[in-house]
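Engineer: 3D, please:
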Amino acid sequence: MYGSRQPQTLMLCTQEFATAEHFSRWESHAKTLDAYSLRYVIRDCQQAADAMKGWNPVREGYYLDQAATYGMELTRRNRELPAGLRHRI
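Structural biologist: Numbers count the residues shown, from 1 in each chain. Below is the predicted model of the structure:
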């Protein structure tokens, strides 16, 4: 009975990977947030990635991609400000 079972292989669910749709959704959402909220989301994603380190590298990358996307919006906004008003990121 047990000998007839095939060994299970590691199958990664495609939903764990960040897709173009995810990036598009994150970019749209980032544009609606203020700087404080962007920093909060970035920090939360970084903490989630740290929690996945050594446990699920695919999910770790997902959260790092998300943090980078929100970070790019914060960087874009900072770049548009005059030099004296820019925030430290």
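Engineer: need the longest helix for this protein.
Structural biologist: helix 57-80 (DSSP state H).
Engineer: Can you list the low-confidence ranges for the chain?
Structural biologist: Where the chain drops to pLDDT under 70, the residues are 1-15, 86-89.
Engineer: switch to 80 and redo it
Structural biologist: Within the chain, the ranges that satisfy pLDDT under 80 run 1-16, 81, 83-89.
Engineer: Check which helices and strands the longest helix of the chain sits against.
Structural biologist: Helices and strands touching helix 57-80, by 3 or more CB pairs under 8 Å, 6 or more residues apart in numbering; DSSP states H and E, are helix 20-30, helix 35-52. No exception for glycine: its C-beta is placed from N, CA and C like everyone else's.
Engineer: Give me the helices and strands touching the first one, please.
Structural biologist: This means helix 20-30. helix 57-80.
Engineer: Can you pull out the residues in contact with the helix it packs on?
Structural biologist: Identification of contacts with helix 57-80 by CB atoms under 8 Å, 6 or more residues apart in numbering yields 12, 16-18, 22-23, 26-27, 30-31, 33, 35, 38-39, 41-42, 45-46, 48-49, 52-53, 86-87, 89.
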